[in-house]
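# Sequence and predicted structure below; questions after.
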Amino acid sequence: MDHDHAFGSSTPFSLGVEEELFLVDPATGAQIDASHAVLERIGQVDGTVERELHACQVELITGVCATAGEATAALRGLRRAVTGTGAGLLGAGMHPAADEGEAEITDKERYAHIRHLLGDAVADPTGGLHVHVGMPDADTAIRAFNALRRHLPLLQALGANSPFRHGRDTGLASAREVTMRGWPRSGVPRAMRDFEDFCSSSALLSEAADVPDYTWFWWKLRPHPRLGTVEIRALDAQTSLDDLSALVALTHCLARHAATAPSEPEPVPEILDEGAFRAARFGTEAELPGADGRRRPVRNVLADVLNAVHDHARELGCEDELDATRRLLEHRGGAGRQRATHAIGGLGALLRDTTARTSQG
């Protein structure tokens, strides 16, 4: 792997956010393969809108931002630009009602190769929220990457927003997490000794997997030398921009903290994997294992984290957004909101409500 990188090329701890959203009928919420038509009609935008692996999705990408609030405002504008074409948007880790294999694969060479490599593992599209945090240098990037690994189950629990798949309640808070487990290179990688270790191990894995480079690793967390960031990929796409803003602020603060905090014992991979599944199964109601294996409620884990990153929130200009993470617990996150809507009006009401909430921003 090429050792060149863009770390330090932007303001340290600047922010970029990407969200993968479903294109749907604006009235019914039914999934539609319309990304090509949307991109033809969308015109000039502040940010970027791109086609995704599946033709029923678009990816909305902010420019480089300073704060969670700025990134959220940019995504609000991008959502409005997409709905201005006539399409509806649905923000969730998975479309609640689409049939397996219903979505077409987008006609791009990269996506055709993914389909060739993964086969039916990509039968169901998934929607993720990806947060990039700029790093001042390669050493800090690896330090932050290593320390962030232990916080991924908490982020997944708070961001779980896909309880429904193929028209039924899966019993999970995040069906996306379980679906993504069918993809190779999609879990949590080991801690890296240094940037050289990341480069050499990425080159080895790329060769083994028959892929060009690390951008074909769908890890929940990865250094991104080409952009000069650490990228957190563990979160489900969000319906509510208020929920999104809170999660982005928490992720931003954790990345800042991870870059500078004293080292802690590394959780073993088995514990991280168990934490990820418990987050996917129970969402905000999960009990998450720490490095010592003891389980603690998400509420308690979050309280400790908020106390640890409070000063960073002031520095990063996101105190209000960070405080809003407590509201995720009150309504049990996106998964809780989906289930509450479904309990009143069934699947049709869920699709209409989720589409309206996403499309209105």
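Here it is on my side, so go on.
# so what's residue 77 closest to, chain neighbours aside?
Once flanking residues are discounted, residue 77 sits nearest to residue 46: 5.5 Å by C-beta to C-beta, 6 or more residues apart in numbering. For the C-beta atoms, the positions are set from N, CA and C on the backbone; glycine is no exception.
# Can you give me every residue that contacts the one you found?
Each residue near residue 46 by C-beta atoms under 8 Å, 6 or more residues apart in numbering is listed here: 63, 74, 77-78.
# Regarding the residue nearest to residue 201 when sequence neighbours are not counted, what is its secondary structure?
Sequence neighbours aside, residue 192 is the residue nearest to residue 201 in space, at 7.2 Å (criterion: C-beta to C-beta, 6+ apart). Put simply, residue 192 is coil when judged by DSSP: H, G, I helix; E, B strand; the rest coil.
# what ranges do the strands span in the stretch 201-350 of the chain?
For the stretch 201-350 of the chain, strands defined by DSSP state E, counting those that start in this stretch occupy the ranges 221-224, 229-236, 287-289, 295-297.
# any idea how far the residue nearest to residue 201 lies from residue 291?
18 Å (C-beta to C-beta, to the nearest Å).
# Now do the longest helix seen in the chain, average pLDDT.
For the chain, the longest helix by residue count, based on DSSP state H, is helix 333-360. Per-residue pLDDT over helix 333-360 has a mean of 96.
# for that helix, which positions count as buried?
Using 16 or more other C-beta atoms under 10 Å as the test for burial, helix 333-360 gives 333-339, 341-342, 347, 350-359.
# now do stretch 195-202
195, 198-199, 201-202.
# swap in stretch 283-291?
283-290.
# swap in stretch 127-137?
In stretch 127-137, counting by 16+ other C-beta under 10 Å, buried: 127-136.
# how far away is the closest residue in space to residue 108 that isn't next to it in sequence from residue 285?
Among residues not flanking residue 108 along the chain, residue 51 sits closest, at 7.0 Å (C-beta to C-beta, 6+ apart). Distance from residue 51 to residue 285, counting by C-beta to C-beta: 36 Å.
# sorry, back to before: of all the contacts of residue 46, which comes closest to residue 27?
residue 78 (21.6 Å; C-beta to C-beta).
# neighbours of the closest one, just the number please.
25 (other C-beta atoms under 10 Å).
# Which residue, other than its chain neighbours, is closest to residue 271?
residue 289 (5.3 Å).
# wouldn't the one you found be in contact with residue 295 here?
Yes. Applying C-beta atoms under 8 Å as the test, residue 289 and residue 295 come out as touching, 5.2 Å apart.
# Show me what residue 54 bridges to in the sheet.
Beta-bridge partners of residue 54, counted by DSSP bridges, are residue 105.
# which residues does it contact?
Residues in contact with residue 54 (C-beta under 8 Å, 6+ apart) are 33, 103-106, 122, 125.
# Distance of it relative to residue 266?
From residue 54 across to residue 266, the span is 36 Å (C-beta to C-beta).
# Repeat that for residue 36.
On the measure of C-beta to C-beta, residue 36 and residue 266 end up 45 Å apart.
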